[in-house]
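Student: this one's structure only:
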Ligand code: GAP
């Protein structure tokens, strides 16, 4: 199945099975804003729990905070967001549609990449076993031509972005003959900068209302609390502050479902270190964060680092962890060495001393910062897309199964009475009462047992427990495993010990130490 179709199916699966709904659905939705349903919220909470515990439980020198969404507006001046948190936008005069100029150009680069891939795939089919890809891409005239055009475009684009040259971005769009997908014309406006922050007003007009922003990242809430936490927690460098919370960006091109949203959630951790030690810590955090992702077991080939070519002026190293989504490798997490830029800026704008006195060195300095920043929603999407599977069964039927890591599955155990009578529902309820303090369990008595198994496969429930007449006699049940569909007869008394280890977040955390 084409990856595009897989993605469409995933989006409708998310809605059909209570994972993600468009926001304000009965009013036809609101662009790039989504709600999480009954299963989605459980999965999302489990992802957050896995992240939080991997940071705050496993590291004695990391603590958490929960800062407010509204912050003093000067914070966003100090951080550079008021002046520079922009995307270059361009309008098509015929369709009146607005685009990100950089995205139009990146899509054009991707088109050259696609052309190259198509040539390679055609040749692979033609030559079979004997195909030597490296030789082909370096000698085939068509591939060489596409690659030369692609590389030239990439260079030109990179320079325009580095120089912040909006006229050149427009020239590239014109020279490449890029057309509006709606009108099909090249009737473009100039490229302008567009600030991504949402703003609102705080206080009544008679008070003199103050313009405040909805935070576009959670990180600044950590920076401005650096001293509060360091002093009250008696934290010694190196140490980290972690936070999970909502962020808001007025994205011009909001697409690919929950990949790019206007309201989303971030899990960010700022790790404060001595100046000069930041690159060593950067590499350590890179390695740790990749391990965190890989522990989910989707396969190491689903991840890659993408080191930034263009560094922000305050960063001295930056990389993304990319995940293989149905629409290609995409950023899920950013790891940045942000020097002492943010703390210094807040020191300057607030007029407060934000230095740290290092008792071992007997000197004060502004700490350097390594940031790990991951989007909860993007992580959710990566997990769903890797877990979604349509499987052909021996009997010719197809089942949809979410092969979620057991520890983050929304429902851990489904308890199913075989029939709605003969005391089986009551017995099933007793099983739930035994397990419900530790795991999210679901009681389900509607439809045939086969249909109920399918329903739970589709939401990724790792275990189904069936209560039948034999259960009433010997207190045993049928335990069905989601992935293998294997069934075994087990005593109710041993259910907890069978399930316990596998479904707890601890099973993932243990892989990290
Ligand atoms: N404090 C650093 C920071 O915010 P970023 O690369 O802009 O860095 C970090 O964002 C992560 O937040 C991204 O890797 C992505 O997972 C998530 N993210 C950013 N913008 C998003 C959006 N519009 N929708 C969903 N997730 C987003």
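Tutor: Now that the structure is in, tell me what you want to look at. All of these numbers come straight from a predicted model, not from anything done at the bench.

Student: let me see the ranges of the strands in the stretch 51-200 of the chain.
Tutor: Counting by DSSP state E, counting those that start in this stretch, one finds strands in the stretch 51-200 of the chain at the ranges 62-64, 86-91, 98-100, 192-195, 199-202.

Student: so which of those comes closest to the ligand?
Tutor: The minimum distance between the ligand and the strands of the stretch 51-200 of the chain falls on strand 86-91, with 10.7 Å, by Cβ to the nearest ligand atom. For glycine as for every other residue, the C-beta is placed from the backbone atoms N, C-alpha and C.

Student: quick check, the closest one touching the ligand?
Tutor: No: Strand 86-91 stays clear of the ligand (Cβ under 6 Å from any ligand atom), getting no nearer than 10.7 Å.

Student: what lies in contact with that strand?
Tutor: Under the criterion Cβ atoms under 8 Å, 6 or more residues apart in numbering, residues 97-102, 104, 166, 169-170, 173, 188-196, 251-252 lie in contact with strand 86-91.

Student: hmm, 7 Å instead?
Tutor: 98-102, 166, 169-170, 173, 188-189, 191-196, 252 (Cβ atoms under 7 Å, 6 or more residues apart in numbering).

Student: can you turn the buried part of the residues you listed into a PyMOL selection?
Tutor: Selection of the buried residues among those in PyMOL, burial being defined by 16 or more other Cβ atoms under 10 Å:
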select buried, resi 99+100+101+102+166+169+170+173+188+191+194+195+252
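
Student: distance check, residue 442 against residue 462.
Tutor: Per Cβ to Cβ, to the nearest Å, residue 442 is found 12 Å from residue 462.

Student: can you classify the residue of the stretch 1-150 of the chain found nearest the ligand by secondary structure?
Tutor: Among the residues of the stretch 1-150 of the chain, residue 32 lies closest to the ligand, at 7.5 Å counting by Cβ to the nearest ligand atom. Assigned by DSSP: H, G, I helix; E, B strand; the rest coil, the conformation of residue 32 is coil.

Student: my guess is it meets residue 259, correct?
Tutor: No: assessed by Cβ atoms under 7 Å, residue 32 is found out of contact with residue 259, at 9.5 Å.

Student: and the residue of the chain found nearest the ligand, how many residues sit next to it?
Tutor: Residue of the chain nearest the ligand, by Cβ to the nearest ligand atom: residue 375 (2.5 Å). Using other Cβ atoms under 10 Å, residue 375 is surrounded by 23 other residues.

Student: kindly report the same for residue 430.
Tutor: Per other Cβ under 10 Å, the neighbour tally for residue 430 reads 13.

Student: name the next helix or strand downstream of the helix or strand harbouring it, please.
Tutor: Counting by DSSP states H and E, the element that carries residue 430 is helix 424-435. Counting by DSSP H and E, the next helix or strand C-terminal to helix 424-435 is strand 441-443.

Student: how about whichever helix or strand comes after that following strand: buried residues?
Tutor: Next in sequence after strand 441-443, counting helices and strands by DSSP H and E, comes helix 449-459. For helix 449-459, a neighbour-count test (16+ other Cβ under 10 Å) marks 449, 452, 453, 455, 456, 457, 458, 459 as buried.

Student: what helices or strands is helix 449-459 leaning on?
Tutor: If you count contacts as 3 or more Cβ pairs under 7 Å, 6 or more residues apart in numbering; DSSP states H and E, helix 449-459 packs onto strand 398-402, strand 413-417, strand 463-467.

Student: residues contacting the first one, please?
Tutor: Counting by Cβ under 7 Å, 6+ apart, the neighbours of strand 398-402 from elsewhere in the structure are 13, 387-393, 454, 457-460, 482.

Student: in PyMOL, select just the buried ones from the residues you listed.
Tutor: Buried subset of those, written as a PyMOL selection, criterion 16+ other Cβ under 10 Å:
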select buried, resi 13+387+388+457+458+459+460+482
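
Student: please list which of the contacts of strand 398-402 also come close to the ligand.
Tutor: Near the ligand, by the rule Cβ under 6 Å from any ligand atom, you find none of the contacts of strand 398-402.

Student: can you list the contacts of strand 398-402 in JSON lines and add distance to residue 420 and pLDDT?
Tutor: Converted to JSON lines, the contacts of strand 398-402 look like this (distance: Cβ to Cβ, whole Å; pLDDT from 0 to 100):
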{"residue": "13", "distance to residue 420": "28", "pLDDT": "98"}
{"residue": "387", "distance to residue 420": "31", "pLDDT": "98"}
{"residue": "388", "distance to residue 420": "31", "pLDDT": "97"}
{"residue": "389", "distance to residue 420": "31", "pLDDT": "96"}
{"residue": "390", "distance to residue 420": "31", "pLDDT": "95"}
{"residue": "391", "distance to residue 420": "29", "pLDDT": "95"}
{"residue": "392", "distance to residue 420": "32", "pLDDT": "94"}
{"residue": "393", "distance to residue 420": "27", "pLDDT": "92"}
{"residue": "454", "distance to residue 420": "19", "pLDDT": "97"}
{"residue": "457", "distance to residue 420": "22", "pLDDT": "98"}
{"residue": "458", "distance to residue 420": "22", "pLDDT": "98"}
{"residue": "459", "distance to residue 420": "22", "pLDDT": "98"}
{"residue": "460", "distance to residue 420": "25", "pLDDT": "98"}
{"residue": "482", "distance to residue 420": "24", "pLDDT": "98"}
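
Student: turn the contacts of strand 398-402 into CSV, columns for distance to residue 235.
Tutor: Shown next, in CSV, are the contacts of strand 398-402 (distance: Cβ to Cβ, whole Å):
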residue, distance to residue 235
13, 44
387, 38
388, 42
389, 44
390, 49
391, 49
392, 55
393, 55
454, 51
457, 46
458, 45
459, 41
460, 39
482, 43
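
Student: pLDDT of stretch 230-244, averaged?
Tutor: In this model, stretch 230-244 carries a mean pLDDT of 98.

Student: starting at the chain centroid, how far to it?
Tutor: Here stretch 230-244 is found 25 Å from its chain centre; the criterion is Cα atoms, centre = their mean, to the nearest Å.

Student: residues in contact with it?
Tutor: Contact partners of stretch 230-244, identified using Cβ under 7 Å, 6+ apart, comprise 48, 52, 55-56, 59, 61-67, 218, 221-222, 229, 265, 267-274, 281, 356, 358, 367.
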